[in-house]
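Undergrad: Here is a sequence together with a model predicted from it:
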Amino acid sequence: MPDRRLPPLNAVRAFDAAARLGSYVEASKALHVTQPAIGRHVKLLEEWLGTQLFERTSRGVTLTLAGEKYHHKIAAALQLMIDAGKELRPKEAERWLRIMVVPGFAKRWLMPRIEAVRHLRPGLKFAIEPNSTFTAVDGKSADLGIVYGMDGQYPNSRASLICPWVFPVCTPAYLASIEPIGLPADLVKHHLIHVDDGEWWNLWFRANGLDIHLNADMLYINNDHALSVAESGQGIALANEVLVREELKAGKLVRAVDAQVHLESYRVLTPSAELSGDVAWFIEWLQTELETEFAV
């Protein structure tokens with residue numbers, strides 16, 4: 001029997017674009033994603049196939065012999081898929097996907113990628129509502145929700161996306177201005193930025209084996225607000241890796257101490273277990289992107 005397993009389709013699209021354009025940079029522009037995302041997708045496909053597809057050169061990338069053979073066939077297959085869709089798909093009414101999502105994830109992860117998502121799903125329009133207080137979606141105001149919370153907090157969640165690492169961050173200038181932080185317990189000597197009910201730091205210390213209970217002198221509404229305060233150099237905030245990946249890479253933020261724990265997960269909420277095609281597709285896209293980016 002032939003092997004009918006399909007490769008990761010987002011990885012195939014990234015490979016096709018890089019092969020056609022001869023550059024990860026140009027492929028990232030064509031697909032409206034970052035250059036590192038193209039590289040991660042190509043690496044994922046190479047691992048799935050068990051062979052190298054590109055040779056890296058000073059001018060970009062060139063296909064290996066195996067890459068040339070593979071691209072010749074998958075380019076034709078992709079075009080067949082496009083043509084088949086054109087033949088079958090009637091003129092569609094407007095399709096909207098209404099997403100309710102916690103603000104930090106909306107601003108710092110989802111919105112920078114939404115243009116790429118639109119190109120992956122032609123005809124689908126998105127309405128995104130940042131909301132830090134919802135616990136369910138009813139299908140009237142939103143088709144799905146993305147929340148961040150503890151296990152068991154959302155019993156009707158349909159999918160778990162990622163349980164990211166959580167660690168303290170601040171600006172390089174702030175870290176340089178204070179006495180060195182060697183251990184997690186040393187953090188209490190400095191200005192810690194609190195979120196919501198003020199318990200997140202206490203949970204983090206407890207997960208690191210420390211019996212520390214802090215009383216917040218000021219609370220911020222959500223993680224995004226707290227991170228904005230940290231980015232302005234006013235103290236140390238707890239962050240999960242999804243929200244600060246780009247800021248850490250750019251050097252805008254640094255880790256205040258070398259300690260990290262898992263606390264909460266991003267989850268998808270839907271009105272019912274029956275999912276529309278667009279909702280099911282979007283959940284799969286979320287899972288694939290996060291798994292690729294953070295190697296869950």
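TA: Here it is on my side, so go on.
Undergrad: pLDDT weak spots in this structure?
TA: Low-confidence regions of the chain, defined by pLDDT under 70, span residues 1-4, 89-93, 218, 221, 296.
Undergrad: Show me where this protein has its helices.
TA: Using DSSP state H, the helices found in the chain span residues 9-21, 24-31, 35-49, 65-88, 103-105, 114-120, 172-177, 200-207, 223-231, 241-250, 277-294.
Undergrad: tell me what the fifth one is packed against?
TA: With contacts taken as 3 or more Cβ pairs under 8 Å, 6 or more residues apart in numbering; DSSP states H and E, helix 103-105 sits against strand 144-149, helix 223-231, helix 241-250. In short, each C-beta sits where N, CA and C put it, glycine included.
Undergrad: Now tell me what touches the longest one from outside.
TA: Contact with helix 241-250 is made by 104-105, 108-109, 162, 164-167, 169, 223-224, 227, 231, 253-255, 266, 290, 293-294, as judged by Cβ atoms under 8 Å, 6 or more residues apart in numbering.
Undergrad: quick one, domains of the protein?
TA: Domain assignment for the chain by automatic domain parsing gives 9-88, 95-163+265-294, 165-262.
Undergrad: With distance to residue 261 and mean neighbour count as extra columns, can I get the helices of the chain in a markdown table?
TA: Below are the helices of the chain laid out as a markdown table (distance: least, Cβ to Cβ, whole Å; neighbours: other Cβ atoms under 10 Å):
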| stretch | distance to residue 261 | mean neighbour count |
| --- | --- | --- |
| helix 9-21 | 30 | 21 |
| helix 24-31 | 33 | 19 |
| helix 35-49 | 25 | 18 |
| helix 65-88 | 41 | 12 |
| helix 103-105 | 18 | 21 |
| helix 114-120 | 30 | 15 |
| helix 172-177 | 20 | 14 |
| helix 200-207 | 4 | 19 |
| helix 223-231 | 15 | 22 |
| helix 241-250 | 11 | 17 |
| helix 277-294 | 16 | 17 |
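Undergrad: Any chance of those in CSV with distance to residue 150 as columns?
TA: Output for the helices of the chain, formatted as CSV (distance: least, Cβ to Cβ, whole Å):
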stretch, distance to residue 150
helix 9-21, 30
helix 24-31, 35
helix 35-49, 29
helix 65-88, 41
helix 103-105, 16
helix 114-120, 27
helix 172-177, 29
helix 200-207, 9
helix 223-231, 14
helix 241-250, 16
helix 277-294, 19
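Undergrad: Since that was my last question, I'll sign off now.
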